[in-house]
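**Student:** Generate coordinates for the sequence data below:
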Amino acid sequence: MFSQSFGHYLLNHGLITREQLTDALEFQKSVHVRFGVIAVDEGYMMPAQVEEVHMKQKQVDKRFGEIATELGYLTDEQVETLVSKQKQNHLFLAQALVDREYMTIDQFGAALNDFKNAFSLSDDQFEAIKSGNFETLVEKFLDTQGAEKKVIYGKYLSLFAKHLIRFVDDQVYLEVAAQTLPRHANWFVHQEIIGESPLFTAIAANEEVFLHIASQFAEEKLTEVDELAKASVCEFLNLTNGVYLVNMSNWGIELTMKPQAALESALVDGESFVVTVNTSKGAFQLLLSDQPERISIEPKIKSEQTV
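**Tutor:** Got it, this is the predicted structure:
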């Protein structure tokens, strides 16, 4: 997520073009190696063990190395070795931009320093963000939105970003949406969390991005928004919310969830915090509200499917 965020910083400051950014991110995507692949390549783990860890990540909010260590598949020393072998994402972006002569290495370094100063990042925060620390990046993202929104939405947004990158798309960039609410969504999946800290959660997407989320999460190519596609996106949201409930319970807050639902051509109104989530296949919107009772949803086509 850092490469996307920093790449858009370069774009917004006129240092590269949109075409150059797209090209560089595609190059980065082709060389990025996931933690589990490195573990197998080093002979530390078997493919079935890697898959077991990936499945466990759908139940708990922990890094690959943490879970693999708990299961006895990796030692702390092996995790440290793998971390050192997993290159930082910003180096992939630098390599792409320099190799294609879009920037010099000096220009890239100067822009990194400007980015750090623009967001008032300490050295530790900057290193954490470059190394893929979601919590720090989301925290700085929410700094511009005020302390109240950071408290209300920070933990959820951090978890959502992690799950999106783990299970759907590793090229993600967050922006605050220009409008307060999308009045209309091609496809709309929502779920309400209830309890002492209620939360309305929803994904609003066009058909192409909806199918991208569904295909990646279902791990098969889906070409139409059928029951499987809707169930897949619903389950992604439900999985994220389920792990969020576990996290909140660990912090002493007990919550429950209503069933998730998918609608076509929904009209949405009410007060919510809207985040535009940019993926490699386009953008969708994440809607969050700590006042679910103020959100109204009206399907233009009366075909709501509860999953």
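
**Student:** any low-confidence regions in the stretch 201-307 of the chain?
**Tutor:** 300-307 (pLDDT under 70).

**Student:** where along it do the helices fall?
**Tutor:** For the stretch 201-307 of the chain, the helices defined by DSSP state H, counting those that start in this stretch occupy 207-218, 227-250.

**Student:** What are the boundaries of the strands in the stretch 101-250 of the chain?
**Tutor:** Secondary structure of the stretch 101-250 of the chain, counting by DSSP state E, counting those that start in this stretch: strands at 173-176, 184-195, 199-205.

**Student:** related to what we said a few turns ago, pick the most buried one from the helices of the stretch 201-307 of the chain.
**Tutor:** Stretch with highest mean neighbour count among the helices of the stretch 201-307 of the chain: helix 207-218 (a mean of 21; mean count of other Cβ atoms under 10 Å). Yep, even glycine has a C-beta here, placed from its N, CA and C like the rest.

**Student:** Residue 271 is nearest to which of the strands of the stretch 101-250 of the chain?
**Tutor:** Closest to residue 271 of those is strand 199-205 (Cβ to Cβ; 10.0 Å).

**Student:** And the closest residue to residue 81 other than its chain neighbours, its phi and psi?
**Tutor:** Counting by Cβ to Cβ, 6 or more residues apart in numbering, the nearest residue to residue 81 once its immediate chain neighbours are dropped is residue 42, at 7.3 Å. The phi/psi pair for residue 42 (degrees, to the nearest 10) reads phi -80, psi -10.

**Student:** Give me the pLDDT for residue 42.
**Tutor:** We note a pLDDT of 80 for residue 42 in this prediction.

**Student:** mind giving me JSON lines with the helices of the stretch 201-307 of the chain and columns for distance to residue 104?
**Tutor:** Formatted as JSON lines, the helices of the stretch 201-307 of the chain follow (distance: least, Cβ to Cβ, whole Å):
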{"stretch": "helix 207-218", "distance to residue 104": "34"}
{"stretch": "helix 227-250", "distance to residue 104": "40"}
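
**Student:** Test my guess that the residue nearest to residue 81 contacts residue 84.
**Tutor:** No: contact criterion Cβ atoms under 8 Å: residue 42 and residue 84 do not qualify, at 11.3 Å.

**Student:** Looking at the two, which one has more neighbours?
**Tutor:** Taking other Cβ atoms under 10 Å, residue 42 and residue 84 do not tie; residue 42 has more neighbours (13 against 8).
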